[in-house]
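**Student:** My questions concern the predicted model and sequence given below.
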Amino acid sequence: MDFIALDVETANADMASICQIGLARYENGKLIEEWKSYIDPEDYFDGFNVSIHGIDECTVKGAPNFKNIANELYKMLDGRVAVSHTHFDRVAINQAASLNKIRTPSCTWLDSAKVVRRTWDEFSWKGYGLYNVCKKLNYEFKHHDALEDAKAAGYILVEAIKLTGMDINSWIERVNKPINPETQNTIKCSGNPNGPMYGEILAFTGALEIPRRDAANMAAQIGCDVASGVTKKTTILVVGDQDITKLAGHEKSSKHRKAQELIEKGYPIRILKESDFKELVALS
């Protein structure tokens with residue numbers, strides 16, 4: 001039961017803009033090492049991201065950039081199992097490494113959200129976010145602090161292993177199989193129910209490099225319902241890369257602005273740029 005749990009926070013909707021990383025090392029189901037660092041993303045901080053995690057330009061002043069802490073990541077992750085809750089953290093690491101023209105850590109990734117969906121029936125199709133699962137397990141933590149979230153993901157995996165009796169290697173195989181092996185693994189217009197992102201409601205805005213129809217099919221393949229507009233039910237908004245970088249994010253579409261208004265009111269919407277969405281699909 002040896003693994004490294006990982007979580008990141010980002011400065012803006014560009015997932016390469018990592019501003020904090022937390023790592024938690026587990027051996028035999030026990031937390032034995034912690035590591036956390038603020039990161040200078042060398043990019044702007046969007047007020048909406050700051051409102052979620054509380055990290056801003058002043059917080060990261062004097063902090064290392066991603067390239068400066070890469071060796072620490074290699075030391076802790078290379079050759080090990082890296083656990084993150086959903087693929088977002090993995091995508092962020094890959095995008096930051098690509099931006100800095102360095103290699104990604106050589107590790108085996110395991111999505112603890114996929115583990116949750118195959119362990120607890122009530123989370124099979126919805127509600128499998130970190131906060132909800134930890135609430136069920138009576139595990140208290142400071143959400144949106146990278147190290148706290150990493151430890152929460154690690155705790156969830158340890159509890160799932162105890163409950164099911166399946167070891168890490170078994171889970172690495174199991175998460176790539178249907179949630180319910182007795183159901184057909186088919187893609188529906190409303191989203192593939194066995195996809196890793198099932199239950200997410202996704203919308204697109206801005207100028208995309210790929211046709212909207214193709215983008216919608218990609219989203220449905222990984223489990224997302226695709227909506228034409230942004231509502232209180234929306235959980236992901238994908239924005240064209242060029243649109244998300246205009247004037248450091250100040251010129252935004254009506255969908256983008258509406259999503260941020262809903263985020264401000266407490267709705268859990270994640271804003272992604274198109275290239276991060278593509279990476280998310282590729283890694284799912």
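**Tutor:** Cool, got the structure.
**Student:** So which residues of the stretch 151-284 of the chain form strands?
**Tutor:** Assigned by DSSP state E, counting those that start in this stretch, the strands in the stretch 151-284 of the chain fall at 201-205, 225-226, 236-239, 270-273.
**Student:** Is Lys101 part of a helix or strand, or is it coil?
**Tutor:** Secondary structure, DSSP: H, G, I helix; E, B strand; the rest coil: Lys101 is coil.
**Student:** Check the burial of it by counting its neighbours.
**Tutor:** Here the count is done by other CB atoms under 10 Å, and Lys101 has 7 residues near it. C-beta here means a position set from N, CA and C on the backbone, and glycine is covered the same way.
**Student:** Kindly report the same for Val239.
**Tutor:** 28.
**Student:** before we move on, what about Leu202?
**Tutor:** Leu202 has 25 nearby residues by other CB under 10 Å.
**Student:** mind checking how far it is from Gly223?
**Tutor:** 10 Å (CB to CB, to the nearest Å).
**Student:** which one of the strands of the stretch 151-284 of the chain is the most hemmed in?
**Tutor:** Using mean count of other CB atoms under 10 Å, the stretch among the strands of the stretch 151-284 of the chain with the largest mean neighbour count is strand 236-239, at a mean of 26.
**Student:** List the contacts of the residue sitting nearest the centre point of the chain.
**Tutor:** Nearest to the geometric centre of the chain sits Phe88, at 2.1 Å (CA atoms, centre = their mean). Contact analysis of Phe88 by CB atoms under 8 Å, 6 or more residues apart in numbering lists 15, 270, 280.
**Student:** right, and the second one touches Thr234 too?
**Tutor:** No: the pair Arg270 and Thr234 fails to qualify as a contact (CB atoms under 8 Å) at a distance of 9.6 Å.
**Student:** Now do the helices in the stretch 101-250 of the chain.
**Tutor:** 112-117, 130-136, 146-164, 168-174, 212-221, 241-245 (DSSP state H, counting those that start in this stretch).
**Student:** Quick one: the strands in the stretch 1-150 of the chain, in order.
**Tutor:** Using DSSP E, counting those that start in this stretch, strands in the stretch 1-150 of the chain cover 3-10, 18-27, 30-38, 81-84, 108-111.
**Student:** Indicate which one of these is closest to Asn49.
**Tutor:** Asn49 lies closest to strand 3-10 among those, at 6.3 Å (CB to CB).
**Student:** Just list what the closest one packs against, helices and strands only.
**Tutor:** strand 18-27, helix 47-53, helix 66-77, strand 81-84, helix 88-99, helix 146-164 (3 or more CB pairs under 8 Å, 6 or more residues apart in numbering; DSSP states H and E).
**Student:** Tell me which of these sits nearest to Leu208.
**Tutor:** Proximity to Leu208 (CB to CB) singles out helix 88-99 among those, at 17.3 Å.
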